[in-house]
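Peer 1: Show me how the following folds:
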Amino acid sequence: MKKVERINTIMRYINNRANFTISEIMREFNISRSTAIRDIREIESMGMPLVAEVGRDGGYFVMNNSVLPTVRFTDNEIKALFIAFMATRNQQLPYLKSRQSLAEKLLGLISENQQEDLVHLNQILLFEGTNPNNPDLLELSDLPQPMLEKLIQILLLDSFLWITIKEEEGIKSYPIYLLHLYHDKGFWMIDGFDLKDDKRRIVPVDNLTDVKPYSTKNRLSKKKILEKLSKQEEEMNLVLELGPKAIAQFKKYHPLKVSISYTNPYQTTAILKTFINVTNPEELTEITNWLLFLGEDIEVKEVPEEVLVGLQERLSLFCP
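Peer 2: Sure, this is the predicted structure:
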């Protein structure tokens, strides 16, 4: 445990106790007597009102009505927070206004020298969502779908939802159990179990027109839902062996539902197994593009005929 983390943990420990001894701190955090004494002195210097009691164990107690001192960030912690904000610009993340106000508050807590460091970082670091001509610019696309924050607030209370979505056939409503809320290729998606039709359903958050808790008492348990899903799992129809170059490409990007299993301790070879819905034109196009992105360092063990035809057609454009 690093020193800053240890001291913060000790502060929480002693703030929750009427009194404590050096020996207790030594046992609880597996540190020497000299280290325990140094940490306690540093905690005192930070403003925690500790009073020493006479005794061979070196007892202490916290003065009444005391609270934990103001949180202080190290230079590296401040840079880590700031870089995290920079890296998530224009990513359609929720609570955008809160992220902006939090950044402003952090800037108000640090020294001018630290602020200058952050300004310099802002000038030299470019991320995927950064406009190189104006790093401070927040694109309009950074604003998340208006329903996203409402959806998250409800999810914190209940995973059973009644959602209303806009489809080609019109407005429809479904009761679902939300499994995951994920962000993929610039869009937020709901991955849920349709409680009416007993099947998995993927819904773009952009299509949501309303969401509220599903209040019916006749709910399935999460265990029962997962059992139903496991029985409905499709057979794997795409099996690949990946070499080191293909693994490197996989790490750069891969569809959310696809994962690999390494086949040696050095993680230089791997096996990929997944199901491709060949009746879905969008999925078929996406997997074709992605297989070409992986490159030549793959060995195909099993592939749907439709995917193979798509690959051959795409390659014929370059090799007539």
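Peer 1: Residue 81 against residue 106, yeah?
Peer 2: Yes. Residue 81 sits in contact with residue 106 when judged by CB atoms under 8 Å, with a separation of 6.3 Å. Every residue, glycine included, has its C-beta placed from N, CA and C.
Peer 1: any residues in contact with both of these two?
Peer 2: Both residue 81 and residue 106 are in contact with residue 73, where contact means CB atoms under 8 Å, 6 or more residues apart in numbering.
Peer 1: quick one: buried residues of stretch 4-11?
Peer 2: Along stretch 4-11, these residues count as buried under the neighbour rule (16 or more other CB atoms under 10 Å): 7, 8, 10, 11.
Peer 1: can you redo the residues you listed as JSON lines with secondary structure, distance to residue 252 and pLDDT?
Peer 2: Listed next are these as JSON lines, based on DSSP: H, G, I helix; E, B strand; the rest coil; distance: CB to CB, whole Å; pLDDT from 0 to 100:
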{"residue": "7", "secondary structure": "helix", "distance to residue 252": "39", "pLDDT": "83"}
{"residue": "8", "secondary structure": "helix", "distance to residue 252": "36", "pLDDT": "80"}
{"residue": "10", "secondary structure": "helix", "distance to residue 252": "42", "pLDDT": "85"}
{"residue": "11", "secondary structure": "helix", "distance to residue 252": "42", "pLDDT": "83"}
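Peer 1: Just the closest of these to residue 102, please.
Peer 2: Residue 102 lies nearest to residue 8 out of these, by CB to CB, at 19.8 Å.
Peer 1: That closest one and residue 215, how far apart?
Peer 2: Counting by CB to CB, to the nearest Å, the separation of residue 8 from residue 215 is 42 Å.
Peer 1: ok, of the buried residues of stretch 4-11, which one's closest to residue 40?
Peer 2: Distance ranking of those against residue 40, using CB to CB, places residue 10 first at 7.6 Å.
Peer 1: Excluding sequence neighbours, find me the nearest residue to that closest one.
Peer 2: residue 39 (5.7 Å; CB to CB, 6 or more residues apart in numbering).
Peer 1: Show me what counts as buried in the helix or strand containing residue 299.
Peer 2: Assigned by DSSP states H and E, residue 299 belongs to strand 298-302. Within strand 298-302, the residues that qualify as buried by neighbour count (16+ other CB under 10 Å) are residue 298.
Peer 1: who touches that strand?
Peer 2: Outside strand 298-302, the residues that touch it by CB under 8 Å, 6+ apart are 236, 237, 238, 239, 240, 241, 242, 243, 246, 291.
Peer 1: Sounds good, over and out.
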